[in-house]
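Participant: curious how this folds, go ahead:
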Amino acid sequence: MNQQSSEEQWQELKSKIEASQQFPSIYMFKFILNSDNQKIAQIEAIFNNTNEHNISIRESSRGRYVSITIKQMVENADYIISIYKKVSEIPGVMLM
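Facilitator: Residues are numbered from 1 along each chain as shown. A predicted model of the protein is given here:
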């Protein structure tokens, strides 16, 4: 995927978020990944430098996958996109 189409996808996501959310509001980030403590720590580190948030981590029944849900007060869609961009740099993490 080239950089331009990637930016277009981020813009499309931003438009969808702005159409469905009113700001400021509590936003729920959700990520799914293989059960990997290092990747979980990377995601947590992204949020450690942000406003107050609530993190919930849940393992799948066989323990192979982890679901991370983070609820946080956000001011705008640009902030949400910036978080998604940072997390998308971690290999193997699915953004929900």
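Participant: tell me the secondary structure at the residue of the chain most remote from its centre.
Facilitator: Residue farthest from the centre of the chain, counting by Cα atoms, centre = their mean, is residue 62 at 23.5 Å. Counting by DSSP: H, G, I helix; E, B strand; the rest coil, the backbone at residue 62 sits in coil.
Participant: which residues are in contact with it?
Facilitator: Residue 62 is in contact with no residue at all, counting by Cβ atoms under 8 Å, 6 or more residues apart in numbering. All C-beta atoms are positioned from the backbone trio N, CA, C, and that covers glycine.
Participant: and it, its phi and psi?
Facilitator: Here is the backbone geometry of residue 62 (degrees, to the nearest 10): phi -100, psi 0.
Participant: quick check: pLDDT value at it.
Facilitator: Looking at residue 62, its pLDDT stands at 92.
Participant: try the one 5 residues further on
Facilitator: Here the pLDDT value assigned to residue 67 is 97.
Participant: can you give me how far the longest helix seen in the chain is from the chain middle?
Facilitator: Longest helix in the chain, counting residues (DSSP state H): helix 3-20. Centroid separation for helix 3-20 versus its chain: 14 Å, with Cα atoms, centre = their mean, to the nearest Å.
Participant: what residues does that helix touch?
Facilitator: Contacts for helix 3-20 (Cβ under 8 Å, 6+ apart): 77, 78, 80, 81, 84, 85.
Participant: buried residues, the helix or strand of the chain with the lowest mean pLDDT. List them.
Facilitator: The least trusted helix or strand in the chain, going by mean pLDDT, DSSP states H and E, turns out to be helix 3-20, with a mean of 87. Within helix 3-20, the residues scored as buried using 16 or more other Cβ atoms under 10 Å are 14, 17.
Participant: show me the shaky parts of this structure.
Facilitator: 1-5 (pLDDT under 70).
Participant: can you map out the strands along it?
Facilitator: 25-34, 53-59, 65-74, 94-95 (DSSP state E).
Participant: those into TSV, with extra columns for mean neighbour count?
Facilitator: Listed next are the strands of the chain as TSV, based on neighbours: other Cβ atoms under 10 Å:
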stretch	mean neighbour count
strand 25-34	15
strand 53-59	13
strand 65-74	18
strand 94-95	12
